[in-house]
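Asker: Sequence first, then the predicted structure:
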Amino acid sequence: MIGRLRGTLLEKQPPWLVVDVAGVGYELEASMTTLVALPGCGEEVSLHTHLSVRDDAHLLYGFAREQERSLFRALIKVNGIGPKLALAILSGMDEDAFIRCVMDDDIKALTRLPGVGKKTAERLIIEMRDRFPHWQDSTEVSAGDAGMGASTPSPKDPLADAEAALVSLGYKPSEATRMLSGLEEKGSTEAMIKAALARRMAG
């Protein structure tokens, strides 16, 4: 089991990233919450990981905080919630916001997430309420604390990359376009994704 990786961030193409560890490039999928916390390419990162072994693939997921990984692992135990949907949930809201939604029976907020309909939201609230691990205020250094500066500018089109990333999370292309349309904050791909998700969750 691969539980943690420390190395150099080689590529960051939301929702994917590649980390070089002693000459081996590990490809991971991460939530937007983790991706926006990462430093620029070429910087050192340390990520908590979860390895999913399937018949056709070994998939590695990366998380900036242990708390986020714990919630991811709790989510994928819920009937009907796979890794992709779990990452979409963690991309749309952080752990504390998710806990508040569950404890407050806030179905409306949960259904703003891609792939989460009313029945799925109700299932999440029922099953997750008793599954929350013991949350603690994290004092560990997150993946981006060693270099939280702005990400290295990408030669690609940040807007197109942001739209592709939102589609990969489960939003329809037309919806992703609307979410990004007219954003005041034009910058890195991660910044636009974060702003678009915040707009979406605000209704």
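Answerer: Received the coordinates, thanks.
Asker: Go ahead and confirm residue 12 touches residue 37.
Answerer: No: with contacts counted by Cβ atoms under 8 Å, residue 12 stays clear of residue 37, the gap being 11.3 Å. The C-beta positions use only the backbone N, C-alpha and C, and glycine is treated the same way.
Asker: if you count what's nearby, which of those two comes out ahead?
Answerer: More crowded of residue 12 and residue 37, by other Cβ atoms under 10 Å: residue 12, with 24 against 20.
Asker: Skipping its backbone neighbours, what lies nearest residue 3 in space?
Answerer: Nearest residue to residue 3, sequence neighbours excluded (Cβ to Cβ, 6 or more residues apart in numbering): residue 49, at 6.1 Å.
Asker: That neighbour belongs to a helix, doesn't it?
Answerer: No: Residue 49 is assigned strand when assessed by DSSP: H, G, I helix; E, B strand; the rest coil, not a helix.
Asker: residues near it, how many?
Answerer: Neighbours around residue 49, by other Cβ under 10 Å: 18.
Asker: Return the residues in contact with it.
Answerer: For residue 49, the contact set (Cβ atoms under 8 Å, 6 or more residues apart in numbering) comprises 2-5, 28, 60-63, 69.
Asker: Among these, which are located in strands?
Answerer: 4-5, 28, 60-63 (DSSP state E).
Asker: want to throw the residues you listed into a markdown table with pLDDT, distance to residue 120 and neighbour count?
Answerer: Formatted as a markdown table, the ones in strands among the contacts of residue 49 follow (pLDDT from 0 to 100; distance: Cβ to Cβ, whole Å; neighbours: other Cβ atoms under 10 Å):
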| residue | pLDDT | distance to residue 120 | neighbour count |
| --- | --- | --- | --- |
| 4 | 93 | 31 | 12 |
| 5 | 94 | 31 | 19 |
| 28 | 96 | 25 | 21 |
| 60 | 95 | 25 | 18 |
| 61 | 96 | 20 | 25 |
| 62 | 96 | 25 | 28 |
| 63 | 95 | 22 | 27 |
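Asker: Out of these, which is nearest to residue 105?
Answerer: residue 63 (26.7 Å; Cβ to Cβ).
Asker: Nearest residue to the middle of the chain?
Answerer: With distances taken as Cα atoms, centre = their mean, the residue of the chain nearest its centroid is residue 31 (1.1 Å).
Asker: my read: that one touches residue 87, true?
Answerer: Yes: applying Cβ under 8 Å, one finds residue 31 in contact with residue 87, separated by 4.9 Å.
Asker: shared neighbours of the two, which are they?
Answerer: Overlap of the contact sets of residue 31 and residue 87 (by Cβ under 8 Å, 6+ apart) consists of 15, 72.
Asker: and the residue nearest to the centre of the chain, what does it touch?
Answerer: So residue 31 contacts 15, 63, 68, 72, 87, 90-91 (Cβ under 8 Å, 6+ apart).
Asker: now the helices for this protein?
Answerer: For the chain, applying DSSP state H gives helices covering 32-35, 66-75, 83-92, 95-103, 107-110, 118-128, 158-168, 173-180, 189-201.
Asker: and among these, the most buried is which?
Answerer: Among the helices of the chain, the stretch with the highest mean neighbour count (mean count of other Cβ atoms under 10 Å) is helix 32-35, at a mean of 24.
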